[in-house]
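Novice: structure for this input, please:
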Amino acid sequence: MHYDLDFKLQVIAYYEQGHSSRATSKKFTVNPKFVLKWVKQYQSGGINAIRPKTTKATYSSEFKLNVLTTMLEEGLSQSEVALKFNISSPALISHWHKAYRKHGMFGLTPKPKGRTAMSKPFITDKPDDEKTAAELKRENAYLRAENAYLKKLDALLKQKKKQALKKQGSSKD
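Specialist: Numbers count the residues shown, from 1 in each chain. Okay, here's the model as predicted:
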């Protein structure tokens, strides 16, 4: 669940009036861990540290490496490093650390998400005698795939037609 800025400020103000995290969490029906997290974020980074993010944060591989080296050199916990660098989730640092141990610097580089875009068919408008051998091979592979697809489609349509005729014939009996 996402909480807006005004709500977080009310929770922090109530806590700073001297109430415990448990009392504050009961009053506002929120997890006591959130109360402490928001208070620490507010104390270390001000209002911008608790402001809800409008876009997903992206981090460069150099920034990730800097975070990890700071954590290891200074002996800080993931939560402390997250507060220091204004990273919303300490678990993110754990993912970076695991990726770095497993793959080195390559593990920290951003990877493209989702599927690659479908490429266009490899049929060109050139006459066959002007096409290179590679172009002819690609076109041949494309045409074979298209032919196999159309044969399969034809077989499925014939099968459906056959089933429809069987159903009509059985209902007349």
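Novice: how far off centre is stretch 23-38?
Specialist: The chain centre lies 28 Å from the centre of stretch 23-38; the measure is CA atoms, centre = their mean, to the nearest Å.
Novice: before we move on, what about stretch 76-87?
Specialist: On CA atoms, centre = their mean, the centre of stretch 76-87 falls 22 Å from the chain's centre.
Novice: give me the buried positions along it.
Specialist: Neighbour-count burial for stretch 76-87 flags 76, 78, 79, 80, 81, 82, 83, 85, 87 (criterion: 16 or more other CB atoms under 10 Å). (Each C-beta comes from the backbone N, C-alpha and C, glycine too.)
Novice: can you list the weak-confidence ranges in the protein?
Specialist: 1, 54, 118-123, 170-173 (pLDDT under 70).
Novice: which SSE is the residue nearest to the spatial centre of it in?
Specialist: For the chain, the residue sitting closest to the mean C-alpha position, by CA atoms, centre = their mean, is residue 113 at 7.0 Å. Assignment of secondary structure by DSSP states H and E places residue 113 within no helix or strand.
Novice: got phi/psi on it?
Specialist: Per-residue torsions, residue 113: phi -100, psi 150 (degrees, to the nearest 10).
Novice: in contact with it, which residues?
Specialist: Contact partners of residue 113, counting by CB atoms under 8 Å, 6 or more residues apart in numbering, are absent.
Novice: for residue 90, see how far away it is.
Specialist: Distance from residue 113 to residue 90, counting by CB to CB, to the nearest Å: 23 Å.
Novice: ok, now residue 101?
Specialist: Residue 101 sits 17 Å away from residue 90, going by CB to CB.
Novice: again, but for residue 157
Specialist: Here the criterion is CB to CB. By it, residue 157 lies 57 Å from residue 90.
Novice: what's the answer for residue 108, then?
Specialist: Residue 108 sits 17 Å away from residue 90, going by CB to CB.
Novice: neighbour count: those two, which is higher?
Specialist: More crowded of residue 108 and residue 90, by other CB atoms under 10 Å: residue 108, with 20 against 15.
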